[in-house]
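1. Mind folding the following:
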Amino acid sequence: MALIGIAFVVLMILGMPVAFATGISGFIFFMTTQGMPMSIGVQKIASMSQSFPLLAVPFFVLAGHLMNESGITARLLKVALISVGWMSGGLAQVAIVLSTLMGGVSGSAVADAAMEARILGPTMVAKGYGKGFSAAAIAVGSLITATIPPSIGLILYGFVGNVSIGRLFLAGIIPGVLMMLVLMLTTYIIAKRRKYVVADSERPTFKAFAAACWDAKWALLFPVALVLAIRGGLFTPSEVGAAAVVYALVIGFFAHRELTLEKVWQSFGQATSDVGLIMLIILMSGMVGYATIYMQVPQELAGWMLAGITDPNMIVLVILFFLLVAGLALDSTVMVLLLTPIFVPIITQIGMDPVHFGILMMSIVTLGGMTWPSGSAMFAVCSLMNVSIEEYSIESIPFITAVVALIAVLLFVPDLVLWLPRLAFGS
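-> This is a model prediction of the structure:
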C-alpha cells in the first residue's frame, strides 16, 4: 500500500492529472502483487460505473448548469443584496449569503466560487475592498455548498460509505446555515475595522425583501422540494437528480422564460466536461479502493488510531486533523472516494453516527480546496480576480480559523447535525 501512496505523490508532483495518477497507482498495485490478475483491476474500474445511486452526480451537475442559464443566479443575487447589503462589508456579506443560496442550486464549491468571482469580484475591488479580502470571502464562503443540499460531495460520501443520502442532505442544512452566520460575523468584524463600504446604505423594507424572494421563489423552493421529495419517498436521490433536470428545464422555459435551446446545448457541454472529470476519478479510484480492502488498511489504521486513545472525540479529532493536512495536497473528490471506506468503519466502531462524521469530513476536505498549495477554489478565484496566492492566504486565515472552530463545535455538539435527520427519519 505504501508503494501506491508513493507512486501517487510522485505522479502528482510531476503534474499528472488526478484521475490518471490514481489509475496508474492502482495498476502498480496489481502489477506488483503476486497472484493478483490485472483483469481484476479492469473489472473494478467497470464495476464502479455500475451504480444506480451514482446517477445522482451527473443529473445534479447538469441541473446546476441549466439553473445558472435560467436566470436563477441573478434573482438569488438580488435576494442576497437586499438581505445583507446594508451591513458592514455589504458586498462580502452578499457573497457569503449568495453561496448559501447557490449551494442549493450548484452543489459545487468551485463552480460557486468561480461564478461569484466573475460577478462580485470586480465590484468589490472597485468599491475599495482589498483584493485578498474579497477573494478570501468569496472562496471560503463557497465552502457552504459542501453541506447545503444537493452537495455533490455528500452524494459521493453516501455512495462510497453506504450512508443514507437523504439523511446526509438533511444533516447538512443546520451546519450550512451556521457556517454562513460564522463567516458573516467574521466579515462584519474585519469590515468594521477597515471601514469597508456597504453595498446599500438603506435598510431594506419588508416589501422589497418579499418582492425579491417572490421573484426568486423557484430557486428558493428547489432545495426544499428536493429534501421533501426524498423524505416523502417520492424519489430516490438518483431520481431526484433527474427530476431536478426536468425542474430546471420547466423553470427556465416556462417560468423565467430565459432558457433557450442554445443555452441548453451549452449547459450540456459544460456538464459533460464536469461529469467526465468527476467520473474518471471515480472509476480509477475503484482499483485503489479494492487495494485498501485487500491489504486490510482500515483494520490496521483503526488498530493504530485506537491504540492508547479511549475518548471517541479524540479519535475523531485525530482523523479530522489528518484529513485537514491531506486536504492541502489532495482533491476533495479523491479524498472522499479513497478515504471514506477507510474511516467510516473506524468511526462506526467507536459508536459515532456516519451521518455526523460525513458532514464533518466533507467540511474539512472541501476546506482543502480553499487553501494553499493545491486548492482548486483558491486558484479559480485568484486567477479570475488577479490576486496573488500570498495575499489571498494571509486574508483567508480569519475565515479558515472561524470555520475550523465551527467544525470543532459540530463535533462536540452532534445534535446540531443530527437533529433534523432524527426528526424526519427517526433515530
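2. how about the nearest residue to L323, chain neighbours excluded?
-> Once flanking residues are discounted, L323 sits nearest to I364: 4.6 Å by CB to CB, 6 or more residues apart in numbering. (Glycine included, C-beta is placed from N, CA and C.)
3. which residues does that neighbour contact?
-> Listed by CB atoms under 8 Å, 6 or more residues apart in numbering, the contact partners of I364 are 320, 323-324, 327, 407.
4. element containing it?
-> Applying DSSP states H and E as the criterion places I364 in helix 354-367.
5. And for I347?
-> Assessed by DSSP H and E, I347 sits inside helix 332-349.
6. Which elements pack onto that helix?
-> Contact here means 3 or more CB pairs under 8 Å, 6 or more residues apart in numbering; DSSP states H and E; on that basis helix 332-349 packs against helix 18-32, helix 152-161, helix 261-294, helix 297-306, helix 312-326, helix 354-367.
7. swap the cut-off to 7 Å and go again
-> For helix 332-349, the elements it packs on are helix 152-161, helix 261-294, helix 297-306, helix 312-326, helix 354-367, judged by 3 or more CB pairs under 7 Å, 6 or more residues apart in numbering; DSSP states H and E.
8. Between helix 152-161 and the last one, find me the angle.
-> So the one you mean is helix 354-367. Inter-element angle recorded for helix 354-367 and helix 152-161: 130 degrees (by axes from the mean of the first three to the mean of the last three CA atoms, to 10 degrees).
9. tell me the centre residue of the chain?
-> Geometric centre of the chain, nearest residue: A146, 2.8 Å, by CA atoms, centre = their mean.
10. So it versus P312, what's the distance?
-> Distance, A146 to P312, using CB to CB, to the nearest Å: 23 Å.
11. what ranges of the stretch 201-350 of the chain fall below the confidence cut-off?
-> 201-202, 233, 237, 293, 296-299, 301-303, 305-308, 329-330 (pLDDT under 70).
12. tell me the contacts of F133?
-> Neighbour list for F133: 190, 395 [criterion: CB atoms under 7 Å, 6 or more residues apart in numbering].
13. The one 5 residues further on too?
-> By CB under 7 Å, 6+ apart, I138 lies in contact with 95, 113, 116-117, 120-121, 381.
14. tell me which element it falls in.
-> helix 131-141.
15. what mean pLDDT does that helix have?
-> Averaging pLDDT along helix 131-141 yields 88.
16. what angle separates it from helix 354-367?
-> Using the same axes, to 10 degrees: helix 131-141 against helix 354-367 is 160 degrees.
17. So that it lines up with my notes, have the first residue be 34 from now on.
-> Sounds good: first residue 34 from here, last item helix 164-174.
18. Helix 164-174: how far from the chain's middle?
-> Helix 164-174 sits 17 Å away from the centroid of its parent chain (CA atoms, centre = their mean, to the nearest Å).
19. Three-state assignment for R236, please.
-> Classification of R236 using DSSP: H, G, I helix; E, B strand; the rest coil returns coil.
20. With adjacent residues omitted, what lies nearest to it?
-> W119 is the one closest to R236 (CB to CB, 6+ apart), at 4.9 Å.
21. And the pLDDT at that neighbour?
-> For W119, the model assigns a pLDDT of 75.
22. so how far is V173 from it?
-> 22 Å.
23. Tell me which of the two has more neighbours.
-> Taking neighbours as other CB atoms under 10 Å, W119 and V173 compare with V173 leading, 35 against 16.
24. contacting residues for the more buried one?
-> 216, 403, 429, 432-433, 436.
25. which one of those residues is nearest V308?
-> Nearest to V308 among the contacts of V173 is M403, at 23.1 Å by CB to CB.
26. could you pull out the helices for the stretch 134-283 of the chain?
-> Applying DSSP state H, counting those that start in this stretch to the stretch 134-283 of the chain gives helices spanning 142-152, 154-159, 164-174, 185-194, 198-204, 206-227, 239-248, 250-264, 270-283.
27. right, so the ones you listed: which one is the most enclosed?
-> Mean neighbour count (mean count of other CB atoms under 10 Å) peaks for helix 164-174 among the helices of the stretch 134-283 of the chain, with a mean of 30.
28. Now do it against helix 142-152, angle only.
-> Going by the same axes, to 10 degrees, helix 164-174 makes 140 degrees with helix 142-152.
29. count of residues packed around S121?
-> Neighbour tally, S121, other CB under 10 Å: 18.
30. So it sits against Y221, correct?
-> Yes - S121 is in contact with Y221 according to CB atoms under 7 Å; the separation is 5.2 Å.
31. on that earlier part again, what does the residue nearest to R236 show for phi and psi?
-> Main-chain torsions, W119, degrees, to the nearest 10: phi -80, psi -10.
32. repeat for F93
-> Per degrees, to the nearest 10, the backbone of F93 is at phi -70, psi -30.
33. Repeat that for the one 10 residues further on.
-> Note on S103: its backbone torsions stand at phi -100, psi 10 [degrees, to the nearest 10].
34. same thing with G384?
-> Torsion angles, degrees, to the nearest 10, at G384: phi 90, psi 20.
35. about what we covered before: buried ones in the helix holding I380, by neighbour count?
-> 365-377, 379-380 (16 or more other CB atoms under 10 Å).
36. Looking at those, spot the one nearest F445.
-> Using CB to CB, I380 comes nearest to F445 of these, at 14.7 Å.
37. Skipping its backbone neighbours, what lies nearest that closest one in space?
-> Nearest in space to I380, with sequence neighbours left out and distances taken as CB to CB, 6+ apart, is F390 at 4.6 Å.
38. Distance of the one you found relative to G56?
-> Taken as CB to CB, the span from F390 to G56 is 28 Å.
39. Which one's more surrounded, the two?
-> Shown here are F390 and G56; by other CB under 10 Å, F390 has more neighbours (26 against 23).
40. For that one, give me the pLDDT.
-> 94.
41. In this structure it contacts I379, no?
-> No - taking contacts as CB under 7 Å, F390 lies outside contact range of I379: 9.2 Å.
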